[in-house]
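Student: Can you look at this prediction? I've put the sequence above it.
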Amino acid sequence: MYKALSNEVQSLNVITSHDLERWEVLDMIASLMGAVLLAGKTFTLLIFTLLESVNLHGMHPTSAVFVLTLFLVVLEGWREFEALLKNLPRVRWELKDLLILLDVIAGALFTFTLSVTFGLGPIVAAGLVGVIAAAFFRRHEVPIYCGAFVGMVSADLLPSHWHVLLASSIAGFVFLISKFALNGFGGKLGTIALVGCTAAALLTDRTFIVGSVPGWDVGVHLLLHSVLGVLFTYVLNVRFSRSPVMSSGIVGLAGGLLLPILHPEFGSMLASMVICASFAGMSKKERMPNQLYAVLSGLLCGLVFMYSVPHFGGAGGKLGTIAFASVIATAGFRRLLSLAGSRSR
C-alpha cells in the first residue's frame, strides 16, 4: 500500500512539473504580448497621425517629421524588443497583483467620478488624483495614476461607471503583463490606459469622438505649452527628485486650473496639451538625459497632439500615448546621434 501511495505521489509530481513548465511558457508569452500591445497601439496612433498630415498637406514638412518619428519609434522599439527577447521574463502572478489591479480600477473610477459626476473635467480630476496618490498612497501611486488615465475618458465615449470598470479591468491586466516592457519612457501608463479604453469601446460598440486639426494660430500656443509642460515636470521629476506621479500631477493640475482662465477661447485644449507633455516629463533620466531632449520631446508631443485630434477622440490614455511615442522617438534620435558620433571618430 505504501509503495502504491509513493507511486501516486511521484506521478503527481511529474504532472505538476509539466504543468509548471507549460505555465512558465504562457507567462513568458504574456510578457511578450504586453510589449506588443503597447508598441502596436503607439504605432497605430502615429500611422493615423501621419495619414492625417498627408491628407491635409500632402508631403509637407510636418508629414516628413511624422515619417521620421515612425522610423525612430521602430528603431528604438526594435532595440527594446531585442533586449526583452534575449532574456524573456516571466509574468509571475502573485497575490499582490490583485491589489495592483484594484488600484488601477480605483484610480479610474475615482477620476471618472470627479471628472463627470462632480464636473471637474478630466485634466483637473487626473491631476488631483495623481497628487493625492503620490502624497498618501506612495506604494500604490503608479497603478492608481494609470487608472486615472482611464478615468479621463469622455462620457460621450464610455458613458457609465460600468464602462469605466470594464476599461480599467482590461488596463489593469495589460499593466501586469507589460511590467517588464518599455520601462522608463514617460507615457507608458497612458498607453496602457488607451488599450483598455479602446478595447472597452469596441466591446460595447461605442464610437470615438471625431475632432479636427487645430490651425497654427492655436498650434503655436500648443507647442509652447507642450515644451513648458514637459520641462516643468522633468525638472520636478529629475532635478528635484520628486516622484514622477507627483511631478506630473502638480503640472497637470496647475494647467487644468489656470489655463482655461488665462485663455478662455482655447484654454481647455492648452490644459490637455500641458498634462500630455507632463507625461513625457515622467521619463527616467536614462531615457531623457537632459532638458534639451525634454524640449525636443515636447515639440514632437505638440505636433502629434495637433494632428491626432481626429483619432481616438475621447479615449482615456490617448494623451499618454502621444507622450510615449514622442519620448521613444527622441530616444531613437539620441541613439542615431550616438551612432553617427562613434562612426566619425
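Tutor: The structure has been received and is ready for your questions.

Student: Tell me the first helix or strand C-terminal of the strand or helix carrying Met273.
Tutor: Per DSSP states H and E: Met273 is located in helix 267-280. Sequence-wise, the next helix or strand downstream of helix 267-280 (DSSP H and E) is helix 291-307.

Student: Please identify the buried residues of the helix holding Met273?
Tutor: 267-280 (16 or more other CB atoms under 10 Å). (Each C-beta comes from the backbone N, C-alpha and C, glycine too.)

Student: cool, and stretch 324-337?
Tutor: Quick answer for stretch 324-337 (16+ other CB under 10 Å): Phe324, Ala325, Ser326, Val327, Ile328, Ala329, Thr330, Ala331, Gly332, Phe333, Arg334.

Student: ok so, going back, including pLDDT and distance to Ala315, could the buried residues of helix 267-280 go into TSV?
Tutor: Formatted as TSV, the buried residues of helix 267-280 follow (pLDDT from 0 to 100; distance: CB to CB, whole Å):
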residue	pLDDT	distance to Ala315
Gly267	95	22
Ser268	95	17
Met269	97	16
Leu270	97	20
Ala271	97	17
Ser272	97	13
Met273	98	16
Val274	98	19
Ile275	97	15
Cys276	97	13
Ala277	98	18
Ser278	97	18
Phe279	97	15
Ala280	97	18
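
Student: of these, closest to Val238?
Tutor: In terms of CB to CB, no member of these lies closer to Val238 than Ala280, at 12.2 Å.

Student: Excluding covalently adjacent residues, which one is nearest to the closest one?
Tutor: Ala323 (4.0 Å; CB to CB, 6 or more residues apart in numbering).

Student: so that neighbour sits right up against Val274, yeah?
Tutor: No - in this structure Ala323 lies outside contact range of Val274 using CB atoms under 8 Å: 11.3 Å.

Student: Next secondary structure after the lowest-mean-pLDDT helix or strand in the chain?
Tutor: The weakest-scoring helix or strand in the chain, judged by mean pLDDT, DSSP states H and E, is helix 2-57 (a mean of 71). Once the chain leaves helix 2-57, the next helix or strand it forms, by DSSP H and E, is helix 61-86.

Student: What is that next one packed up against?
Tutor: Contact here means 3 or more CB pairs under 8 Å, 6 or more residues apart in numbering; DSSP states H and E; on that basis helix 61-86 packs against helix 2-57, helix 291-307, helix 318-344.

Student: Mind pulling up the pLDDT for the closest residue in space to Val65 that isn't next to it in sequence?
Tutor: Residue nearest to Val65 in three dimensions, not counting chain neighbours: Leu303, with 6.2 Å by CB to CB, 6+ apart. Among the per-residue scores, Leu303 holds a pLDDT of 97.

Student: same deal with the one 5 residues further on?
Tutor: Ser308 is assigned 96 on the pLDDT scale.

Student: Are we agreed that Phe112 is in a strand?
Tutor: No - using DSSP: H, G, I helix; E, B strand; the rest coil, the secondary structure at Phe112 is helix, not a strand.

Student: So, low pLDDT: which residues of this protein?
Tutor: Residue ranges of the chain with pLDDT under 70: 1-27, 90-92, 341-342, 344-345.

Student: rerun at 90
Tutor: Low-confidence segments of the chain (pLDDT under 90): 1-35, 56-61, 80-97, 179-181, 335-345.

Student: re the thing from before, show me what the helix holding Met273 is packed up against.
Tutor: helix 122-136, helix 216-234, helix 244-262, helix 291-307, helix 318-344.

Student: Only C-alpha atoms, please: export stretch 213-228 in CSV.
Tutor: Output of stretch 213-228 as CSV, limited to C-alpha atoms (Å, rounded to 0.1, in the frame of the first residue of the first chain):
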residue,chain,number,x,y,z
VAL,A,213,-6.8,69.5,-36.5
PRO,A,214,-6.4,73.0,-35.0
GLY,A,215,-4.9,75.8,-37.1
TRP,A,216,-1.4,77.1,-36.5
ASP,A,217,-2.8,80.2,-34.7
VAL,A,218,-3.6,77.7,-31.9
GLY,A,219,-0.8,75.3,-32.8
VAL,A,220,1.9,77.8,-31.8
HIS,A,221,0.5,78.0,-28.3
LEU,A,222,0.2,74.3,-28.2
LEU,A,223,3.9,73.8,-29.0
LEU,A,224,4.9,76.4,-26.5
HIS,A,225,2.8,74.9,-23.7
SER,A,226,3.9,71.4,-24.6
VAL,A,227,7.6,72.4,-24.1
LEU,A,228,6.7,74.2,-20.8
